[in-house]
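Student: quick check, what structure comes out for this input:
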Amino acid sequence: MSRRRSSVLVAGAALLGIVSLGGCATKGFVREQTAMVGQRVDVVANHVDQVDGTAKDALQRATAAGKLAEGKFLYQEVLSDDSMKFPVNEATLSPEAEQRLDSFVDKLKTENRNVYVEVQGHTDATGGKDYNYKLGEERAEAVRRYLNEHGVALNRIGTISYGPDSPVAPNDTREGRQQNRRVVLIVLS
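Tutor: The predicted structure is shown next:
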C-alpha cells in the first residue's frame, strides 16, 4: 500500500506540477495578448485623436467661412411686381420685365461690376412639383440669358429653382398664386 501511496503521491505531485506549469503558460499568454490589445487600443486612440483634430479644423474653417459670407450679401431685388410676374406655365419675359432688368443691369454697372448675382426662380403650387421645379429653372434661366445679353458675365450669374417651395403668398387665391410666380435676384460681393 505504501507503494501505491507513493505512486499516488508522485502522480499527484506530477499533476500539480503540470497544472502549475500550465498556469504559468496561461499567464504568459494573457500578458502577450494584453500587450497586443494594448497596442491596438493605442493605435485606435491615436486615430481617434487625428479624426478629432481634423473635425475641429473643419469646424473652425466652416465657422470662418460663415463669418466671411455674412458680410458678402449686398442686397436683393425681388422682381415680383406686375412687370415681372409670369403668366401661368410660362417663362417668357414681358417688355415691362425687360425694362426692369435694364434698370437692374445699369445699377450693377454703376455700383459694382464685380458682384455675383443669384437668380432664383419661383412658381405657384399648381401642378406637379417636378414640373414646377423645371418651370422655376426656366424662369431663372430667362433672366440669366437677358442679363448676360446686356453685359453681365455668365460666370457672375447663377440660377436656382425653388419651384413652389418658398411662397410669399397663400396659393389658395388667384392673387396669391400670381405673387408666387416670380424671380428674385440676390446680389453678393
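Student: only C-alpha atoms for contact and neighbour calcs from this point on.
Tutor: Noted.
Student: distance of V88 relative to E138?
Tutor: Taking Cα to Cα, to the nearest Å as the measure, V88 falls 13 Å from E138.
Student: more neighbours: which of the two?
Tutor: Using other Cα atoms under 10 Å, the more surrounded residue of V88 and E138 is E138, with 20 against 13.
Student: what sits against that one?
Tutor: For E138, the contacting residues are 91, 121, taking Cα atoms under 8 Å, 6 or more residues apart in numbering as the criterion.
Student: what's the neighbour count on K27?
Tutor: By other Cα under 10 Å, the burial measure for K27, its neighbour count, is 12.
Student: quick one: classify it as helix, strand or coil.
Tutor: For K27, the secondary structure call by DSSP: H, G, I helix; E, B strand; the rest coil comes out as helix.
Student: one more: E118?
Tutor: Here E118 takes the strand state, with states given by three-state DSSP.
Student: so what's the residue count around N171?
Tutor: By the measure other Cα under 10 Å, the count of residues near N171 is 18.
Student: that one and A125 touch, don't they?
Tutor: Yes: with the criterion set as Cα atoms under 8 Å, N171 and A125 qualify as a contacting pair; they are 6.2 Å apart.
Student: shared neighbours of these two, which are they?
Tutor: With Cα under 8 Å, 6+ apart, N171 and A125 have common neighbours R177.
Student: from E149, how far out is the closest residue to R156 other than its chain neighbours?
Tutor: Closest residue to R156 apart from its sequence neighbours, by Cα to Cα, 6 or more residues apart in numbering: Y116 at 4.6 Å. Counting by Cα to Cα, the separation of Y116 from E149 is 16 Å.
Student: tell me who's in contact with R40.
Tutor: The contact partners of R40, taken as Cα under 8 Å, 6+ apart, number zero.
Student: state the phi and psi torsions of it.
Tutor: Listed backbone geometry of R40 is phi -60, psi -40, with angles given as degrees, to the nearest 10.
Student: please state the offset of stretch 172-189 from the chain centre?
Tutor: If you compare the mean C-alpha spot of stretch 172-189 with that of the full chain, they lie 25 Å apart, counting by Cα atoms, centre = their mean, to the nearest Å.
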